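> Model the following, please.
(chains A and B)
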Amino acid sequence: MKTRDMNLTVALVLAGMTSACATVAPQQLVDVREEYATSSRGQASQLTPTDLYDAKKALDKANTEFSEHGDTLECRDYAYIAHRKIELTEVKARTEADRQKIAEAVKSGVVVRDSQAKATQAALTSTRDQMKEERRNNAAATNDLRAINAAQNKDLQATVGQLEVEKQARLAAETKLAGAMNDLKAIAAVKEETRGVVITLSGSVLFASGKYELLNTATTKLDQVAEALKAQDDDKRMVVEGHTDNRGSDQINQPLSLNRATAVRDYLVSRGVESAKISAVGMSSSRPITDNKTAEDRANNRRVEIVIGSPGLSAR
Amino acid sequence: MMTKVTTLLAVLGLAGCASAPLPPYQIDQAQASIRGAEEVGAAAVPAAALHLQLAKDETLEAQKMATAGDQRAVLVMARAQSDAELALGLAREFKVHGDALKAGEDLKAVRARGNP
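Have a look, this model is predicted:
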């Protein structure tokens, strides 16, 4: 009997324990189980496996407590702790993910900065090379310019020297011309007219009456005239004009004045005056300088004029 | 045999009434976690501040229960420990997340500068 009573007591106790384990799990524990399942499928399993394992151990305690004692306060305490540990696991996983992002950003930043530094270095090197090339080109251009300048200076010096020589020659020629013209004024009338410089020689000094052969005494004067004409500028042209008084007809005076002018021209050419620059023309009595009333007037009208003028000068 | 059954019943029946003082190391661990959370600025992070306060409340509750001889004091202190650790984790996450955002912005700025 005692044995039977004892067996009954054990059966009752075991039945009581079994009934506690058979109760429905509290919602809190159910939620924690789901949380754990979710977390174990997420990034926590990769990033924070140790914390996830701690959470599992806490959940195991809650499950064990429930299976052994049912929905007790202790079971809920364990479930609470497991819930917090799962939360902590998730928090740590997110934190670790952020840390990895930071590391990746830093690494990428280093790569980008390194790339930028290399690009900057390359640009700098390129710029330096360009500057070197430009310096070389500038130096070459400078040398070329110096050579050009030197050549131009040389040419300029030569030109200046040549101009100086020409100037001196011109001065000498002008001096010579001035001297010749002054000497000429002693033997002939020299005056400036619009047609040019006019040298007037008296006919009586050069020719006998009615003749056109030069007197011996005339040649001395004409020699001086020739010197003055040779001293003229190269571009000057000269016309020898023969003039008579109004006695006699034009049939006589015209050829006489021309022959006299030609005789003078030919003599001057024989004394070195360039023939192409000097011509002769007979004016007869058409251009008297006085009115032919007196013997003196007529003597003045019998004359030879040598006109020195511009290249366009021609016989009238 | 009867003696063994009686002993088992006695253990089962008296288990809830036994005195269970808190182990000193457990109190130290919980308080260390609370201090750690406070040092990383948990009080200034709303989500962390909640768990920090829970941890403090549960610590006091556990100590009261221990004084009263309630064996559940150990588990309540463990709850305090888990809340304190979560507060610490949340506070750290807040700071690291901010750093991650800044690092992303910095990288974007560096890339925006582009190559010369």
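> Could you point out which residue ranges in the chain have low pLDDT?
The chain I'm using is chain A. A:1-22, A:314-316 (pLDDT under 70).
> hm, I was asking about chain B
Counting by pLDDT under 70, the low-confidence segments of chain B come to B:1-20, B:115-116.
> How are the helices of it distributed by residue range?
For chain B, the helices defined by DSSP state H cover B:2-14, B:24-39, B:46-67, B:73-113.
> Which of the ones you listed sits closest to A:Ser286?
helix B:73-113 (103.8 Å; CB to CB). For every residue, glycine as well, the C-beta is placed using N, CA and C.
> Check which helices and strands the closest one is in contact with.
Here helix B:73-113 touches helix A:73-185, helix B:24-39, helix B:46-67, going by 3 or more CB pairs under 8 Å, 6 or more residues apart in numbering or on different chains; DSSP states H and E.
> okay, those helices in CSV with mean neighbour count and distance to A:Ala299 next?
Formatted as CSV, these follow (neighbours: other CB atoms under 10 Å in any protein chain shown; distance: least, CB to CB, whole Å):
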stretch, mean neighbour count, distance to A:Ala299
helix A:73-185, 14, 20
helix B:24-39, 16, 146
helix B:46-67, 18, 144
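> Relative to A:Thr219, which of the ones you listed is closest?
Of the helices and strands packed on helix B:73-113, nearest to A:Thr219 by CB to CB is helix A:73-185, at 14.9 Å.
> next structured bit after the closest one?
With elements assigned by DSSP states H and E, the helix or strand that comes after helix A:73-185 is strand A:189-193.
> which element follows that next one toward the C-terminus?
strand A:196-202.
> list the buried ones in the helix or strand just after that next one?
The helix or strand immediately downstream of strand A:196-202 is helix A:203-206, counting by DSSP H and E. Residues of helix A:203-206 classed as buried: A:203, A:205-206 (neighbour count, 16 or more other CB atoms under 10 Å in any protein chain shown).
> contacting residues around the closest residue to chain B within the stretch 201-316 of chain A?
Nearest residue of the stretch 201-316 of chain A to chain B: A:Asp235, at 72.2 Å (CB to the nearest CB). Residues near A:Asp235 by CB atoms under 8 Å, 6 or more residues apart in numbering or on different chains: A:310-311.
> correct me, but A:Leu258 touches A:Gly282?
Yes: using CB atoms under 8 Å, A:Leu258 is in contact with A:Gly282, at 2.8 Å.
> Quick one: the buried residues of helix A:203-206 as CSV, columns for distance to B:Gly36 too.
Output for the buried residues of helix A:203-206, formatted as CSV (distance: CB to CB, whole Å):
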residue, distance to B:Gly36
A:Gly203, 146
A:Val205, 145
A:Leu206, 145
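> sorry, back to before: pretty sure the residue of the stretch 201-316 of chain A closest to chain B is in a strand, no?
No: under DSSP: H, G, I helix; E, B strand; the rest coil, A:Asp235 falls outside any strand and is assigned coil.
> Quick check: phi and psi on it?
phi -90, psi 0 (degrees, to the nearest 10).
> And for A:Thr48?
phi -130, psi 60.
> quick one: it from A:Val225, how far?
133 Å (CB to CB, to the nearest Å).
> any residues in contact with both of A:Leu258 and A:Gly282?
With contacts defined as CB under 8 Å, 6+ apart, the residues shared by A:Leu258 and A:Gly282 are A:Gly242.
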